[in-house]
Structure formats: C-alpha cells, structure tokens
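Engineer: quick one, fold the following:
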Amino acid sequence: MTDIFLEGGRALIGAELVETSLALSGTDITEVDASRGRTQLAIDARNLLVLPGIVDLHGDAFERQMMPRAGVDFPIDVALADSDRQAISNGITTVFHATTCSWEPGLRSADNARGLMEAIERQRPQFAADTRFHLRHETYNLDAEAEINQWLDEGRIDLFAFNDHMDGTVADMAKPRKRNRMVERTGLSAEEFDRLVERVTSRADEVPASVSRLAATARAAGVRMLSHDDATPAMRRAFRELGALIAEFPINEETAQAAASHDDAIVYGAPNVVRGGSHTGWTRASDMIAKGLCSVLASDYYYPAQLLAAFRLAADGVLPLTQAWDLVSAGPARATGLTDRGVLAQGRRADILLVDDGVPLRPRLIAVISGGKLVHLTDATRLLAAMAAPREAIVAA
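Structural biologist: Now for the predicted structure:
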C-alpha cells in the first residue's frame, strides 16, 4: 500500500481546526504535524479542510440502485457497486447498509435481505468504503426469527434494529396513493396484499416474546442494537432494558430527553437538517441538535446529506463546524463501537476527506482517503510532484 503525505490544510485535530500536515502509512495515520520525507504520493491540502471520514450507521439509498422504479430490478452486485461509488463520492468512508427484513415480499423481504447480506460479504474486498450490514428487523416478521438468530450467532450482522411499521401500514391502506406504492413494492395484487396484512397482524400477541428472544441473542453475540421511531419514554425504556442503547429517530422531544438522560445514542436523519424539517412532519432535527438531543446524523435515504448537514448547522449558527462534524463522524463511530476512526490522530484509521469550503453551504470534496487508500480525487492539480530518488539509488540502478 502506498504511503501518503497530506501537505498543509486545516485539519480537525481534537476539537480545533489546526494548520498541519499528516503522514499515512498502510491503513493508519502515522504522524500529525509531519514532514514529507521521501513519500512518493503527496497531496497539496493547503486552503482545504482536512476532516475525518463520514460514518453512516443508517443508509438505505442503495434501494434506489436495486429498484429505481417500482417493479424494475437490477442485480444486487451492480447496485452495491454503484452505491459504494456514491457513498465514497459523498465522503462516507464507513457505511452500514440499512437493510429491511420485513414480512412483505419483494424489495424488503427476508429473501432480499439474505441476498444483500451475502452480496456484501462477497463484494466487501472490492468496496472503497468499509461496508457493513445493518439489519432492520420488522418485528411482525415472525417467520424470520430463527434465521435471524442464526445470522446473529454467526456474526453476520453488524447492527441490529427493531422496527415496527405495522400501525403505519394499516393506516396507509386507507390512503390510495400510499396503498398503491406499498402494493407495487411487494409485487402482489391488492387482494393478496390485504390477505397478507390480515394474516400478519393476527399474530400480534407473539411479537413481544420474539423481540425479547432476538435481543437476548444479539446481546450474547455482542451486536449493538437500535430501536426505531420510539414514540414514548416508556418505549425507549423498554428497548433500553433489552440492550438497545441507540435510539433511532425518536419522534418527539420527550422521548429524546428520556434517551439523553441515560446517555443513549440518539440518531436523526441528516436530510431532515438539510431540508429544514422532517418529510414526515415529525421532529425537526436541528431543534433537537440545538438542545443537545442528538449525537448522530445518518444519511437515511440520501447519501449527500451528512456532508451538507454539518455545514448547514455551522452556517445556521446551531453548532460550530468542529462540533457539527462530530455528528457525522466521531459520534456514529462511538455509537457503533468503532474506536479506530472518527478522529484524526496517530494510530487511527486513515479515513480522511479533503474539502473545499469556499462556497457557503456547498462543500466540495476534493479527495477521499479510505483505509489509507486514495479512492476519490476531483482535482489532479493537487497531486505534488514525486520526490527525486536519492543519488546513490540511481547509481546502484
């Protein structure tokens, strides 16, 4: 692996932006405030921000590469390769593909989740981003419990979330537009979909015990758990007691406060910040951040959102950029137990972004280094000339 030297730049060191140079070797940062020496690959980072790579613990935009239109499928390997390029080009160097495992057939079925998991395992060496598997288990998918237990035991799941969208599904069945979208996604007829929902909801009494069993398996396997769309402090408490210490998208301030009071990680969507509010009409993420009720911003359904959100928070005066960046890098790294990344320091993983912040609210990625490899470069003039070989080496040749 080629050593890399980053010359100059305003690097996020600790809680401050510091003019310094970095030396990288192998997969790690080897020196801060370094001199170039004889490193062959050097990049001019002067007048750029040098930031830790983005960690995305919940991104499902890859679904659009798999099914860009209802009923139009593309091969999983092609979709994942394209999603990797999109993640990297938006500064995401660690990506957890948030894969729904639902009771419904089609895009969010257990079969599709299995196929995605297997494809990620096969293609992982080819990806530029460190790519991991986040399973979003729909709790009414009782038929999948045994197989998910096995995946947890085998260490094939990197994050495990409990989702329950059944109330919303039942409510949306009375709304023609939303109902049609759900039916199209499954590939069923309207009548078949109705019968499926009726069969699944008839087993509601079995759901709590299933959740408890799966949580016990995840705890034993050391897999971090999330609860999704917690609606009340009691719901958050119940999941915390099961070991789910990450609250993903709590839907009101009261529940977010309950999570914060126990130091739970609190996740909101970066698109919510960029757009100025939730597309569902629920909690406004910027308000929660201003109140200290958010520790992680995820890409959710739009890969560019994390990079844009950090700069939006700084421009709006919600947080200085140094703190806003924590929400998309060190914060999600802490929440997922990845202690080797999220900060620029000697011995840490070399996941690094070079960003031109010259245009307000429109940060431009110049280069992305992932695991010590230069994987994205938009301005070749930033490459510095190779150092001349020592004279004795030339004579010996």
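Engineer: how close does the residue most central in space within the chain sit to T336?
Structural biologist: Taking Cα atoms, centre = their mean, the centroid of the chain lies closest to D56, which sits 1.7 Å from it. The span separating D56 from T336 equals 10 Å under the rule Cβ to Cβ, to the nearest Å. Backbone N, C-alpha and C define where each C-beta goes, glycine included.
Engineer: picking that back up, tell me the secondary structure at the residue nearest to the centre of the chain.
Structural biologist: When classified by DSSP: H, G, I helix; E, B strand; the rest coil, D56 comes out as strand.
Engineer: beta-bridge partners for it, please?
Structural biologist: Note on D56: beta-bridge partners V95, judged by DSSP bridges.
Engineer: who's in contact with it?
Structural biologist: Counting by Cβ atoms under 8 Å, 6 or more residues apart in numbering, D56 touches A87, I92, T94, V95, F96, A298, S299, Y303, Q306, V328, P332.
Engineer: check the gap between the fifth one and E198 for me.
Structural biologist: So the one you mean is F96. Taking Cβ to Cβ, one finds F96 at 33 Å from E198.
Engineer: now the first one
Structural biologist: Relative to E198, A87 is positioned 39 Å away (criterion: Cβ to Cβ).
Engineer: and those two? Which one has more around it.
Structural biologist: A87 (28 against 10; other Cβ atoms under 10 Å).
Engineer: shaky segments in the stretch 251-397 of the chain?
Structural biologist: 279-281, 387-397 (pLDDT under 70).
Engineer: all helices for it, in order.
Structural biologist: 253-260, 270-275, 285-290, 305-315, 321-326, 330-335, 391-396 (DSSP state H, counting those that start in this stretch).
Engineer: reformat the ones you listed as a markdown table; add distance to A23 and mean neighbour count.
Structural biologist: Output for the helices of the stretch 251-397 of the chain, formatted as a markdown table (distance: least, Cβ to Cβ, whole Å; neighbours: other Cβ atoms under 10 Å):
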| stretch | distance to A23 | mean neighbour count |
| --- | --- | --- |
| helix 253-260 | 39 | 20 |
| helix 270-275 | 31 | 25 |
| helix 285-290 | 34 | 21 |
| helix 305-315 | 25 | 24 |
| helix 321-326 | 22 | 20 |
| helix 330-335 | 21 | 22 |
| helix 391-396 | 21 | 8 |
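Engineer: minimum distance to I246: which of those has it?
Structural biologist: Nearest to I246, of all the helices of the stretch 251-397 of the chain, is helix 330-335, at 5.6 Å by Cβ to Cβ.
Engineer: so which elements touch that closest one?
Structural biologist: Other helices and strands packing on helix 330-335, by 3 or more Cβ pairs under 8 Å, 6 or more residues apart in numbering; DSSP states H and E, are strand 54-59, strand 265-269, strand 296-298.
Engineer: what about S212, helix or strand, and which?
Structural biologist: For S212, the host element (DSSP states H and E) is helix 207-221.
Engineer: which residues are contacting stretch 301-311?
Structural biologist: 54, 56, 59-61, 86-87, 90-92, 269-271, 273-274, 297-299, 321, 324-325, 327-328, 355, 357, 360-363, 365.
Engineer: what is the neighbour count of N180?
Structural biologist: 12.
Engineer: host element of it?
Structural biologist: Going by DSSP H and E, N180 is part of helix 176-186.
Engineer: show me where the stretch 101-250 of the chain has strands.
Structural biologist: Taking DSSP state E, counting those that start in this stretch as the test, the strands found in the stretch 101-250 of the chain are 130-138, 159-163, 224-228, 246-248.
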